[in-house]
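> no sequence for this one, just the structure:
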């Protein structure tokens, strides 16, 4: 078997399991396409029939409101049929293997699998085995990858900052266990962000060598100083203990982004969060809802990005089939 | 902040959290509109594309088959996209607040939230915070309010009785804990029902002062004598104990509507129940399925009423936006 | 009440609870219609608006990925609205009876009920009580019946073998507890299959007298010798014990279909399985994925067959109504 590639023989994007390996140009094309799907708040969302013949299966192990709904609306607003399935591919379901579940759905003419699974490798494994006309999109893979999140983060920065090269972007919090941070690192590296900072207590910093090219900052104050973009990450209670931080209150005191600290960043800095937020833990409520916050725009961009990705992989299929 | 209003600045219905405050005229308009959505049994249901650009999120804490399905079909038959979400807004989900969940969905261009939550106040709280183009509809709020149920009950009476002013309407059973009874009281007061009777054992009667204008009856016999409309309420086992009624058998003996007792009402009386029914507890099976029963028509009317409410709040949005 | 019939007064199929009583001609009509819905792999699936006015309720007690998804896609590709409900009809839900649940949905203009329930008789019971314009389809009934599975199995054989009369068909495994086997027996009897063999350990063979006309084989070797079609059945652990087989390993050794044994069948034999498969228990992986396997085609055929059944029962309704 050839080494796994997300691209088809003609170099067109067929799967999206990771942002690793996507060029800046390829990412910019996705962002450009996503922008065509943005509308003003309160206006009817963008719609088309581009996926009118397509069936998308959302396979989530947990009922993830946020990402599942985003993929579901993206697919339906392009005219696709959507099946929502709550199954854990990585464990055997009723003795059925991952591949049997996938082959079954593929045999019902499912064209796109959107997969979130807690275990690493499931998305790629599925992508390696589906038929040539089928695409697999990751909706979050363990701590490793969340490619559409990376794209929506990039789109948000592009909207507010117009570009990437002159920017200082700080990713703050539990970087070590974050798929959001890993996808951010990949997308910002490809887009040649001016300076990428990883800001975390030592225990929550990735292993040395991981996320090359980024500057590591041991305090929040150093990390966000003169930053243009601050991406706060969700912290889980069990991770605080790992960093010898006794509780949420203490985490907030040391690593929470509040109004005072935000003044260290550039005056026109934007504040991002992938959600769901722990208010008053990693971020103060008045920052989350304040003038620097672009958190709700990120969610809006998420639907647009997922529409762009769905269109792109389906277009590659049409071309593989020969000429539509 | 202004005191909460379900109406927009031009007095058009924007949210529906309660029937309190709706005029008889406003209610009649909704009922008139609902009637345009009724078809004969077996005929294809009414359909339009009035909500073709609209996304409706059904947020139910439990998988409520009946009301959730009714709202889902109402929205889809008007061409809307529907997201079904099983989340309890009143408790934090993964540490996310009610409003963050709502803002997230709103940022995905959800236009209407249909909310059922066990805790009082959630619907209004959401309605107070959503963007101007967004509407919130209650699908049942604690023991307080179930406005679309009130409307469908009124529509059913209108269909069978042609009006409200000369009618005696008896609401029978656990009135104290019933959102159905409260919404019925509001809608019948606005529509100036001739006589509204609350018929319940003392312990299940609402507090004195609540539901003003209604006549309170201490026995079923007194309550349904010469009634034109009998609305039976669902009784829960734990409530029987509260009323010193040992069991379902005994409840049926004292408070159940059977054929014999039904003879006390007007000969052409109609019998209603919001469902799900406890047969042989609050209502005898031969009454539930008998010639006086309009219980299935209530369900049919529920879809029509919900279509009318959806159309109305979306129309008000179009006008707020200026002129569609 | 007349004895239950799946056919309307004019002899048109209205319900599909069992294949018992369907003639070979009626089955062939369904298979012919199903074939019009087949497309080549990778091509867009067949679609029409034949059910554009129709609402289908899928009522499954468990989240059965496979059959539920198949019915859902079949209905949606014909333009129907689909409600997915996870309720167990055979037990009272919140004190509501089977019929009240059904009448409620029927009153919302649900036209077709697709029912899977663990208890026998639920499908027929529902079919006996719905309104004249409503149809009920079984999606699997206890160990008794799985009619659309029987049809898809027949369609698969027709595709690969061109007919039935000269074929030897072996049904292998836990025949005793299998609804798949019972529906297979009915469909193959109606289609006059050359020879039908039941191949099972004694304890898993149906009672004497059941499945008349079939030849019973006490060993796998005898059962599949010179067979044209081998239908493997799923085995459950608790059934092995019943047959005094200590474990899955032992079951595979005695009753599992492997490459070696497959050589006993005709060289062009096809291997079928209703799924989900227990690989290396009832079937070797290299057989399941090998050149004789038509297992994925069965899944594809399942959607086509369900589309055909939906169209057929809706067409009968149109004619009952008079003349569409």
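Alright, I've got the coordinates. Bear in mind that the values here come from a model prediction, so they are computed numbers and not experimental data.
> going forward, measure contacts and count neighbours with C-alpha atoms only.
Fine.
> For the stretch 51-200 of chain A, give me the ranges with low pLDDT.
A:62-64, A:91-96 (pLDDT under 70).
> Could I get the full set of helices for it?
A:65-77, A:98-107, A:122-129, A:147-161, A:179-190 (DSSP state H, counting those that start in this stretch).
> Make JSON lines from these and add distance to chain B and mean neighbour count to it.
Putting those into JSON lines (distance: least, C-alpha to the nearest C-alpha, whole Å; neighbours: other C-alpha atoms under 10 Å in any protein chain shown) gives the following:
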{"stretch": "helix A:65-77", "distance to chain B": "7", "mean neighbour count": "23"}
{"stretch": "helix A:98-107", "distance to chain B": "22", "mean neighbour count": "20"}
{"stretch": "helix A:122-129", "distance to chain B": "24", "mean neighbour count": "20"}
{"stretch": "helix A:147-161", "distance to chain B": "13", "mean neighbour count": "23"}
{"stretch": "helix A:179-190", "distance to chain B": "17", "mean neighbour count": "24"}
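> Adding distance to residue B:186, write these out as TSV.
Below are the helices of the stretch 51-200 of chain A laid out as TSV (distance: least, C-alpha to C-alpha, whole Å):
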stretch	distance to residue B:186
helix A:65-77	35
helix A:98-107	50
helix A:122-129	54
helix A:147-161	47
helix A:179-190	50
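> what about those helices, which gets the closest to residue B:16?
Closest to residue B:16 of these is helix A:65-77 (C-alpha to C-alpha; 24.3 Å).
> Next up, phi/psi of residue A:280, please.
Phi and psi for residue A:280, reported as degrees, to the nearest 10, are phi 60, psi 20.
> One more: the one 5 residues further on?
Dihedral pair for residue A:285: phi -60, psi -40, per degrees, to the nearest 10.
> So what's the residue count around it?
16 (other C-alpha atoms under 10 Å in any protein chain shown).
> Apart from its chain neighbours, what residue comes closest to it?
Nearest in space to residue A:285, with sequence neighbours left out and distances taken as C-alpha to C-alpha, 6 or more residues apart in numbering or on different chains, is residue A:279 at 5.6 Å.
> Can you name every helix or strand that whichever strand or helix holds residue A:307 contacts?
Per DSSP states H and E, residue A:307 falls inside helix A:295-322. Helix A:295-322 makes packing contacts with helix A:24-35, helix A:65-77, helix A:147-161, strand A:270-272, helix B:98-107 when contacts are defined by 3 or more C-alpha pairs under 8 Å, 6 or more residues apart in numbering or on different chains; DSSP states H and E.
> Same list, the ones you listed, but as JSON lines with distance to residue A:14 please.
Output for the helices and strands packed on helix A:295-322, formatted as JSON lines (distance: least, C-alpha to C-alpha, whole Å):
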{"stretch": "helix A:24-35", "distance to residue A:14": "12"}
{"stretch": "helix A:65-77", "distance to residue A:14": "16"}
{"stretch": "helix A:147-161", "distance to residue A:14": "14"}
{"stretch": "strand A:270-272", "distance to residue A:14": "29"}
{"stretch": "helix B:98-107", "distance to residue A:14": "28"}
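> For the residue nearest in space to the middle of chain A, give me its contacts.
What sits nearest the mean C-alpha location of chain A, by C-alpha atoms, centre = their mean, is residue A:149, with 1.6 Å. Residues near residue A:149 by C-alpha atoms under 8 Å, 6 or more residues apart in numbering or on different chains: A:180, A:183-184, A:274, A:302.
> What's the end-to-end length of stretch A:18-31?
16 Å (C-alpha to C-alpha, to the nearest Å).
> and if you look at stretch A:154-168?
Stretch A:154-168 end-to-end distance (C-alpha to C-alpha) = 13 Å.
> how about the helix holding residue A:307: buried residues?
By neighbour count on 16 or more other C-alpha atoms under 10 Å in any protein chain shown, the buried set for helix A:295-322 is A:295-317, A:320.
> How far does that helix sit from its chain's centre?
The chain centre lies 13 Å from the centre of helix A:295-322; the measure is C-alpha atoms, centre = their mean, to the nearest Å.
> quick one, it and helix A:24-35 angle?
110 degrees (axes from the mean of the first three to the mean of the last three C-alpha atoms, to 10 degrees).
> thought residue A:181 was touching residue A:173?
No: the criterion here is C-alpha atoms under 8 Å, and residue A:181 misses it with residue A:173 at 9.4 Å.
> Need the residues touching each of the two.
residue A:233.
> what sits up against stretch A:273-288?
So stretch A:273-288 is contacted by A:149, A:173, A:180, A:231-235, A:248-249, A:251-252, A:255-259, A:271, A:293, A:295, A:298, B:94-96, B:100 (C-alpha under 8 Å, 6+ apart).
> Give me the buried entries from the residues you listed.
A:149, A:173, A:180, A:231-235, A:248, A:251-252, A:255-259, A:271, A:293, A:295, A:298, B:96, B:100.
> Got the domain ranges for chain A?
Listed domain ranges for chain A are A:24-145+A:300-322, A:147-298 (source: automatic domain parsing).
> Now find how far off-centre the longest one is within its chain.
Looking back up the chat, that one is domain A:147-298. With C-alpha atoms, centre = their mean as the basis, the mean position of domain A:147-298 lies at 14 Å from the chain mean.
> Any idea how far apart the tips of it sit?
First-to-last residue span, domain A:147-298, C-alpha to C-alpha: 14 Å.
> Please apply the same query to stretch A:28-46.
For stretch A:28-46, the end-to-end distance is 20 Å (C-alpha to C-alpha).
> And stretch A:214-228, by the same measure?
Termini of stretch A:214-228 sit 15 Å apart (C-alpha to C-alpha).
> now what about it, what contacts it?
Here stretch A:214-228 makes contact (C-alpha under 8 Å, 6+ apart) with A:167-170, A:172, A:195-202, A:230, A:254-255, A:261-262, A:264-266, A:268-270.
> Residue A:167 and chain B, how far apart?
Remark: distance between residue A:167 and chain B (C-alpha to the nearest C-alpha, to the nearest Å) = 26 Å.
> residues contacting that residue?
Contact analysis of residue A:167 by C-alpha under 8 Å, 6+ apart lists A:193-195, A:227-229.
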